[in-house]
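> dropping a prediction and its sequence here:
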Number of protein chains: 2
Amino acid sequence: MTLNSATPAFIDTLRAGLSDASFREAEPRYLEEPRGRWQGQGVVLAPDDVDGVAHVVRACAEAGVPVVPYGGGTGLVGGQIAPDGPVPVILSLERMRAVRGIWPEENVMVVEAGAILQDIHDAAEAAGRLFPLSIAAKGSARLGGLLGTNAGGVNVLRYGNARDLCLGLEAVLPDGRIWHGLKRLRKDNTGYDLRNLLIGSEGTLGVITAAALKLYPRAHGEGTALMVVEGPRAALDLLALARDHLGEGVSAFEIMHRQGLEFLAETLPEIRQPFDEMPEWFVLIDVGLARGLDPAAALEALFAEAFEAGLVSDGMIAQSEAQRHAFWEVREQIPEANRRIGSVSSHDISLPMSEVPAFITRGAGVIAGIGEFRINCFGHLGDGNLHYNVFPMPGRARADHVAERDAIKRAVHDLVHEMGGSVSAEHGIGRLKVEDLERYGDPVKLDAMRSIKAALDPQGIMNPGAVLAR
Amino acid sequence: MTLNSATPAFIDTLRAGLSDASFREAEPRYLEEPRGRWQGQGVVLAPDDVDGVAHVVRACAEAGVPVVPYGGGTGLVGGQIAPDGPVPVILSLERMRAVRGIWPEENVMVVEAGAILQDIHDAAEAAGRLFPLSIAAKGSARLGGLLGTNAGGVNVLRYGNARDLCLGLEAVLPDGRIWHGLKRLRKDNTGYDLRNLLIGSEGTLGVITAAALKLYPRAHGEGTALMVVEGPRAALDLLALARDHLGEGVSAFEIMHRQGLEFLAETLPEIRQPFDEMPEWFVLIDVGLARGLDPAAALEALFAEAFEAGLVSDGMIAQSEAQRHAFWEVREQIPEANRRIGSVSSHDISLPMSEVPAFITRGAGVIAGIGEFRINCFGHLGDGNLHYNVFPMPGRARADHVAERDAIKRAVHDLVHEMGGSVSAEHGIGRLKVEDLERYGDPVKLDAMRSIKAALDPQGIMNPGAVLAR
């Protein structure tokens, strides 16, 4: 299907149905993405409400103009950027930020898609509840993007992905009609799961304008520990032990490698190093427990038993909120340290959890076969989700390794695929991984995706070039 | 699209790709459903493996023969029964029952679609894990049907529906191709959510042949209590209090009405009545707690605090497994007591939780406006899911009220819809509720469903007449 650019004349035709404030300057933030991989293009519209969104999409459908839904612009795979093709409407949800309602007794809130994640956290907390989805970009990421990409983050182990935290949606489909699906129901078996089809479709099947979100009771007591493990296998055994004792009380279980501590020491010396001597591997365990359980005591008991079983050799349990924060800062600043070092290639991958140790061993071998590199492998071990990043040796720069970049990426992804893993664990496909999806995706599933896309968006106006090749 | 009957000649053409054991007699169990509402028709095939399933579906696609996927036959909305139209192949998964693998350290098992739920429970338990999906028909319901209908049950409050408990699928799509999607991954954002599209599609988009299921750690201690509450509002407050204290430790929260106890006394006098004097409303609370918490003590503390707050007036906490079982039996035998009394109309509905008290009040008014009836309202309050059943007065029979049946159903469903609820909480649409879905479903969602159905199953061979009208 041939698409047409959003010309000034076309944009002018939209004025009848939109407030003046809906027409935005196409500032650089709309046209760049965090890693600077693409330069986008487009005309920015930010409607006041769902009717405004429907007005824009309907007009674009009639005129065959592409629509790129835009949230906080924090996506790492280029789903929010249209670098080429006809000039699209960049449809920003930023002016639809309202909490439409909160029902603490139901553990439900209804929020518009432009709401910033941190604001959603705050609104839930003010009602005595928890919205558990949490990612590093929570200060700027918006709900629509979090749902569009089925965002993950640090609490998936306990609470699931964005998909698991959503009960209902309001969305504008590619023909401009509004689906009113903002149900606050825990059980509703009335037809196909359009909600989960839109979540994670990265704006290619419609525009999410609001969602009914699941809330949770806040834990009575929270605690955090760092524990030194011999390696990933011991870390997995420690996780199993922790869950056997504390069940869903284990909120996060992050693995880190000495390489991360070294990068922190090199690039962010103000971050306090937690260990006198840097361990090879260590984990951060976060727990949130019911009334009657003391988190520090529970973590101490866990450590004692794990020590007895030979799973851990050293550890420290946070004795204050400040110390919890310090432990978490080590984890949360590693991506920034990585950025300052400058990776040759970085990978957001997941594996069947029991395959993680073998993957780490085999991955090191594969990389060594390509050249001499440093690997910083860390991440959400409790979800089998690793951030596996490959860096130049000291004294060399990423620019020295342009020639090897594709080979590294290909080798890592081939290995992940062979071991039953995913080449996009939590960031999505966007435009960056369209070829990866074609290479590694199940062909029957890909055909089904193409059929669904053609059925719901026959002109292909919604975020063309994202997820599926044009 | 015109479909063709599965003639003997057509069935004969399938022999090349199927074992002799795959050809079954069409015994009555395949052609009836639990409530005797329909008499089905069809030729029964039960392949050995996914290749056999693919062989059958491919041949049916080529010949335009309908396929009705068949699990345990326990569905309550006629999804498994084809009463009219061309004679279908009834595709039974009963011979595909294997546990293909179990990974306790990942909390994952891969099971074929013909496995019986109780056998899945047992296999998980043997590995020291819990598969939490549980429904009354667990002794005969099969995994494929549980997934096809996105089954709910008593533990949804804590662990979610079938959809929440599935990581990956293997399925045969309507063209006979196999989707190999048995991923054991907690995070995998590679394209549209075909898994959740198939789950709950009631066999209209393909045949699920195996699934990767989430397991959970087993609770350290479990406890059960019955507590007398003033009414549904107090029950909701009690649930909020319980979750504030025990978080995810609250596994089930069931509300029951005196009417249920009276029906039990009348039809199943061997069931021990839990209260000396039947209360108007009471709840069953089930908890499964982490190490270090005593369930009975936790329930006692909850009762004391709830009593202080005026939420409960009486209660009893199980002191043994036998007593827990006795408490649960009261809940689990109410459906059988209902069956013996014989309802005029029964409804599987859900509501936003905070609307439940108002619904119960308004529902009684609506029914009273139609005639004199007894109402037995009970169910999974923690999910906002009520079984709302209307019975004749003593001395009258359901046959006396045939004329009022449709009016009652319509009035209850209208009220549910008006209050933001669902007319099919956990049983699905099947053939029973196709008209309800057309009446109450969002028209934009319904159009999207029809588009998806046409895209994936252009001939309409998969379970024609279920979910969507032909």
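Okay, I see it.
> gap between residue A:123 and chain B?
17 Å (CB to the nearest CB, to the nearest Å). Just so you know, the C-beta spots here come from the backbone N, C-alpha and C atoms, and that holds for glycine as well.
> next one: residue A:50
Residue A:50 is 12 Å from chain B, by CB to the nearest CB.
> what about that residue, neighbour count?
19 (other CB atoms under 10 Å in any protein chain shown).
> tell me the buried residues in the biggest helix by length in chain A?
For chain A, the helix that runs over the most residues, judged by DSSP state H, is helix A:321-341. By neighbour count on 16 or more other CB atoms under 10 Å in any protein chain shown, the buried set for helix A:321-341 is A:324, A:326, A:327, A:328, A:330, A:331, A:333, A:334, A:335, A:337, A:338, A:341.
> skipping adjacent residues, who's closest to the residue nearest to the spatial centre of chain A in space?
Central residue of chain A (CA atoms, centre = their mean): residue A:151, 3.6 Å from the mean position. Leaving aside its sequence neighbours, residue A:151 sits nearest to residue A:162 (CB to CB, 6 or more residues apart in numbering or on different chains; 4.7 Å).
> shouldn't the one you found be in contact with residue A:199?
Yes. If you go by CB atoms under 8 Å, residue A:162 and residue A:199 touch, sitting 6.3 Å apart.
> and the longest helix of chain A, what does it pack against?
strand A:221-229, strand A:250-257, helix A:258-267, strand A:281-289, strand A:374-380, strand A:385-391 (3 or more CB pairs under 8 Å, 6 or more residues apart in numbering or on different chains; DSSP states H and E).
> interface residues of the stretch 201-350 of chain A facing chain B?
Within the stretch 201-350 of chain A, the positions adjacent to chain B are A:201, A:205, A:216-217, A:219-220, A:236-237, A:240, A:243-249, A:288-293, A:298, A:301, A:350 by CB under 8 Å from any CB of the partner chain.
> so which of these belong to strands?
Residues of these located in strands (DSSP state E): A:216, A:217, A:288, A:289, A:350.
> of those, closest to residue A:65?
Using CB to CB, residue A:350 comes nearest to residue A:65 of these, at 36.1 Å.
> which ones are touching the closest one?
Residue A:350 makes contact with A:383, A:384, A:385, A:386, A:421, A:422, A:425, A:426, B:185, B:186, B:187, B:188 under the criterion CB atoms under 8 Å, 6 or more residues apart in numbering or on different chains.
> would you turn those into TSV with secondary structure and neighbour count?
Converted to TSV, the contacts of residue A:350 look like this (DSSP: H, G, I helix; E, B strand; the rest coil; neighbours: other CB atoms under 10 Å in any protein chain shown):
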residue	secondary structure	neighbour count
A:383	helix	27
A:384	coil	29
A:385	strand	28
A:386	strand	25
A:421	coil	26
A:422	strand	25
A:425	coil	29
A:426	coil	27
B:185	coil	24
B:186	coil	27
B:187	coil	26
B:188	coil	28
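> nearest residue to the closest residue to chain B within the stretch 1-150 of chain A other than its sequence neighbours?
Proximity of the stretch 1-150 of chain A to chain B (CB to the nearest CB) peaks at residue A:106, 4.3 Å away. Distances taken as CB to CB, 6+ apart place residue B:353 nearest to residue A:106, at 4.3 Å, with adjacent residues excluded.
> just give the number of residues close to that neighbour.
For residue B:353, the count of nearby residues is 24 (other CB under 10 Å).
> gap between it and residue B:386?
11 Å (CB to CB, to the nearest Å).
> now do residue A:125
Residue A:125 is 31 Å from residue B:386, by CB to CB.
> show me how far the helix or strand harbouring residue A:435 is from its chain's centre.
Assessed by DSSP states H and E, residue A:435 sits inside helix A:434-440. Here helix A:434-440 is found 19 Å from its chain centre; the criterion is CA atoms, centre = their mean, to the nearest Å.
> ok, and what's touching that helix?
By CB under 8 Å, 6+ apart, the surrounding residues in contact with helix A:434-440 are A:413, A:417, A:423-424, A:429, A:446, A:465-469, B:190-191.
> which of those are buried?
Using 16+ other CB under 10 Å, the buried ones in the contacts of helix A:434-440 are A:413, A:417, A:423, A:424, A:429, A:446, A:465, A:466, A:467, A:468, B:190, B:191.
> ok so the last one is a strand residue?
No. Applying DSSP: H, G, I helix; E, B strand; the rest coil, one finds residue B:191 to be coil, outside a strand.
> mind checking pLDDT for it?
Here, the pLDDT recorded for residue B:191 equals 97.
> backbone dihedrals for the spatially closest residue to residue A:367 that is not a sequence neighbour, please?
In this structure, residue A:367 finds its nearest non-sequential neighbour in residue A:373, 5.4 Å apart by CB to CB, 6+ apart. The phi/psi pair for residue A:373 (degrees, to the nearest 10) reads phi -140, psi 160.
> got the domain ranges for chain A?
A:8-94, A:99-217, A:219-340, A:342-429 (automatic domain parsing).
> mean neighbour count, the ones you listed: which tops it?
A comparison of the domains of chain A by mean neighbour count, using mean count of other CB atoms under 10 Å in any protein chain shown, puts domain A:99-217 on top with a mean of 23.
> now do the end-to-end distance for that one.
19 Å (CA to CA, to the nearest Å).
> equivalent analysis for stretch A:207-222, please.
37 Å.
> before we move on, what about stretch A:154-171?
With CA to CA, one end of stretch A:154-171 sits 27 Å from the other.
> ok, now stretch A:183-197?
16 Å.
> is any residue of that stretch near chain B?
Yes. Shown here: stretch A:183-197 in contact with chain B (CB under 8 Å from any CB) through A:183-194, A:196-197.
> now distance to residue B:434 too, for the residues you listed, in TSV please.
Below are the residues of stretch A:183-197 next to chain B laid out as TSV (distance: CB to CB, whole Å):
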residue	distance to residue B:434
A:183	20
A:184	25
A:185	20
A:186	24
A:187	19
A:188	16
A:189	13
A:190	11
A:191	10
A:192	14
A:193	18
A:194	17
A:196	22
A:197	21
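> so what touches stretch A:226-240?
By CB under 8 Å, 6+ apart, the residues outside stretch A:226-240 that reach it are A:250, A:253, A:255, A:274-275, A:279-285, A:303, A:306, A:309-316, A:327, A:330, A:353-354, A:356-357, A:360, A:381-382, B:104-105.
> at 6 Å what do you get?
Outside of stretch A:226-240, the residues within contact range by CB atoms under 6 Å, 6 or more residues apart in numbering or on different chains are A:253, A:255, A:274, A:279, A:281-284, A:306, A:311-316, A:327, A:356-357, A:360, A:381-382, B:105.
> stretch A:389-407 too?
Contacts of stretch A:389-407 (CB under 6 Å, 6+ apart): A:338, A:341-346, A:367, A:370-376, A:408.
> what is the nearest of those to residue A:52?
Lowest distance from residue A:52 to these (CB to CB) belongs to residue A:346, with 37.5 Å.
> which pLDDT value belongs to residue A:228?
As summarised for this prediction, residue A:228 has a pLDDT of 98.
> how far away is it from chain B?
20 Å.
> for that residue, list each beta-bridge partner.
residue A:282, residue A:314 (DSSP bridges).
> can you check residue A:287 too?
residue A:223, residue A:250.
> picking that back up, list the contacts for the residue nearest to residue A:151?
So residue A:162 contacts A:133, A:146, A:147, A:150, A:151 (CB under 6 Å, 6+ apart).
> before we move on, back to that, any residues in contact with both of residue A:162 and residue A:199?
Contacts common to residue A:162 and residue A:199, judged by CB under 6 Å, 6+ apart, are A:147, A:150.
> so which residues on the stretch 351-470 of chain A come close to chain B?
A:352-354, A:383-385, A:422, A:424-426, A:428, A:437, A:442, A:444-445, A:448-449, A:451-452, A:455-456 (CB under 6 Å from any CB of the partner chain).
> what mean pLDDT does stretch A:303-314 have?
For stretch A:303-314, mean pLDDT rounds to 97.
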